[in-house]
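In: only geometry, no sequence info:
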Ligand code: GLN
């Protein structure tokens, strides 16, 4: 039994579409393999011991919530980059994903500073990009299905790795065909859903990375779980995206 330490950043601010459901999935899937997940909320002004967490999680939120936490989050840039450089896993969704890049410029013109972990910038557009999304993640040989709702357009720097190629939906900016970003064991995405209940392979990949960070060495192979319900949830979501994703 291994204890996996999770740092959940700003849980009371960044939890749109019940993004904390992702944590519930990680907890349950760890427990079914005999591991314990200890979740520590890290909010404005709280200490974040560099490298003490095996997985960092940041959910989504609207501009108002992002404004409230962005200065505090940007002040943690070194600690977050140190954690990811040291092999910790990270998952960031939507508003959190935007602020892990270099910054987010709002409609008002105000610039919210970011962490600079992901090589991207985000600019608020005019129309919201809303709907179901299906991604092809060739690097993993899998697909991801979810739901997006954002006004920000995120543009990756040349050479930055997207999380997936958009099969249906808008993705980072509605134009590039890219969705999300990956660096090391850090994954950023616009996909809510929450994301992990309908994409359990990503939950297990994050758990494997977190276990590898805790114990050293390579990520272990996790015992498969009977994911019939999850498979159906993925399929319903993927079909919705194919039917109506990515249209104004
Ligand atoms: N405020 C951001 C946007 O609309 C993020 C929204 C979200 O997290 N759903 O672009």
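Out: Cool, got the structure. Computed from a predicted structure; not experimentally measured. Numbers count the residues shown, from 1 in each chain.
In: what pLDDT does the model give the residue most central in space within the chain?
Out: By Cα atoms, centre = their mean, the mean C-alpha position of the chain lies nearest to residue 92, the distance being 2.8 Å. Listed pLDDT for residue 92 reads 98.
In: do the same with residue 246
Out: Residue 246 is assigned a predicted lDDT (pLDDT) of 83.
In: can you name the residues that contact it?
Out: 129, 131, 133, 166, 168, 169, 170, 171, 174 (Cβ atoms under 8 Å, 6 or more residues apart in numbering). Bear in mind the C-beta positions are built from the backbone N, C-alpha and C, glycine included.
In: what pairs with the strand ranked longest in the chain, and is each one parallel or antiparallel?
Out: If you go by DSSP state E, the chain has its longest strand at strand 120-137. Here strand 120-137 is paired, per DSSP bridges, with strand 103-105 (parallel), strand 142-156 (antiparallel), strand 164-168 (antiparallel).
In: neighbours around residue 159, how many?
Out: The local packing of residue 159 (other Cβ atoms under 10 Å) involves 6 other residues.
In: surely it is in a helix?
Out: No. Counting by DSSP: H, G, I helix; E, B strand; the rest coil, residue 159 is not found in a helix; it is coil.
In: that one is in contact with residue 183, isn't it?
Out: No. Look at residue 159 against residue 183 with Cβ atoms under 8 Å: they stay out of range, at 11.0 Å.
In: shared neighbours, these two?
Out: Listed as contacting both residue 159 and residue 183 by Cβ under 8 Å, 6+ apart are residue 119.
In: how about residue 123: what's its closest non-neighbour residue?
Out: residue 105 (4.9 Å; Cβ to Cβ, 6 or more residues apart in numbering).
In: count of neighbours near that neighbour?
Out: Residue 105 has 16 neighbours, counted by other Cβ under 10 Å.
In: check contacts around it.
Out: Shown in contact with residue 105 (Cβ under 8 Å, 6+ apart): 111, 112, 121, 122, 123, 124.
In: 7 Å instead?
Out: Residue 105 makes contact with 111, 123, 124 under the criterion Cβ atoms under 7 Å, 6 or more residues apart in numbering.
In: could those residues go into a markdown table alongside pLDDT?
Out: As requested, these are exported to a markdown table (pLDDT from 0 to 100):
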| residue | pLDDT |
| --- | --- |
| 111 | 97 |
| 123 | 98 |
| 124 | 98 |
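In: out of the residues you listed, which are buried?
Out: Buried members of the contacts of residue 105, scored by 16 or more other Cβ atoms under 10 Å, are 123, 124.
In: thinking again about what came up before, and the angle for the helix or strand encompassing the residue nearest to the centre of the chain with strand 142-156?
Out: Here residue 92 is covered by strand 89-93, with elements defined by DSSP states H and E. Put simply, strand 89-93 runs at 70 degrees to strand 142-156, going by axes from the mean of the first three to the mean of the last three Cα atoms, to 10 degrees.
In: just after strand 89-93, pick out the following helix or strand.
Out: Using DSSP H and E, the helix or strand that follows strand 89-93 in sequence is helix 95-99.
In: average pLDDT across that following helix?
Out: Averaging pLDDT residue by residue across helix 95-99 gives 98.
In: quick one: list the elements packing against it.
Out: Helix 95-99 is packed against helix 63-74, with contacts defined by 3 or more Cβ pairs under 7 Å, 6 or more residues apart in numbering; DSSP states H and E.
In: now the next helix or strand after the helix it packs on and strand 89-93, what's the angle there?
Out: Toward the C-terminus, helix 63-74 is succeeded by helix 77-85 as the next helix or strand (DSSP H and E). Put simply, helix 77-85 runs at 120 degrees to strand 89-93, going by the same axes, to 10 degrees.
In: in helix 77-85, which residues are buried?
Out: In helix 77-85, counting by 16+ other Cβ under 10 Å, buried: 79, 80, 81, 83, 84.
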